[in-house]
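**Q** After the sequence you'll find the predicted model.
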Amino acid sequence: MKFICLGYADHSKFAAMSEQEMQSVMEECMAYDDVLRQGGHFAGGNALEDAAKAVTLRFRDGNIQATDGPYAETKEQIGGILILEADNMEHAVELMSKHPGVRIGPFEIRPTDETIDKMVAQRDAAFMERKS
């Protein structure tokens, strides 16, 4: 099963770290990502820039509205995603509970929707077939 792990962070904590502290935290996180890779559990991931650089789209009154930034009532914003391969939710929780990033902020773990994932994969294959 595939899981999307949303890592949240309070960016003020990062701003308060020295460059050496930040490098140490990132190295610790990446070292655990290597453990996940070795076990065949790391299926991808990306870090995100500060939420202040985001644009949020909403459909209202028949129009698309774009607004700067997210509008969450929390200091913790999504800082990145990790795509995890695990046997089930319990296994995903077990794997991510060891990730050093959890000390920085919470991780939300969600299973992917396999039905829609299959539809997307079929559409991708059809698109590539038409393209060639």
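**A** Ah, there it is.

**Q** any idea which helix or strand carries the residue nearest to the spatial centre of the chain?
**A** Geometric centre of the chain, nearest residue: residue 81, 1.1 Å, by C-alpha atoms, centre = their mean. Per DSSP states H and E: residue 81 is located in strand 76-85.

**Q** which parts of that strand are buried?
**A** For strand 76-85, burial by neighbour count (16 or more other C-beta atoms under 10 Å) applies to 76-82, 84-85. From N, CA and C alone the C-beta is placed, and that goes for glycine too.

**Q** Could I get those in CSV, plus columns for distance to residue 43?
**A** Shown next, in CSV, are the buried residues of strand 76-85 (distance: C-beta to C-beta, whole Å):
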residue, distance to residue 43
76, 24
77, 23
78, 18
79, 18
80, 14
81, 11
82, 8
84, 6
85, 5
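
**Q** per-residue confidence for residue 113?
**A** In this model, residue 113 is scored at 91, pLDDT.

**Q** Number of residues surrounding it?
**A** 11 (other C-beta atoms under 10 Å).

**Q** Please apply the same query to residue 7.
**A** The tally of other residues near residue 7 (other C-beta under 10 Å) stands at 23.

**Q** Over to residue 16?
**A** Counted with other C-beta under 10 Å, residue 16 comes out at 10.
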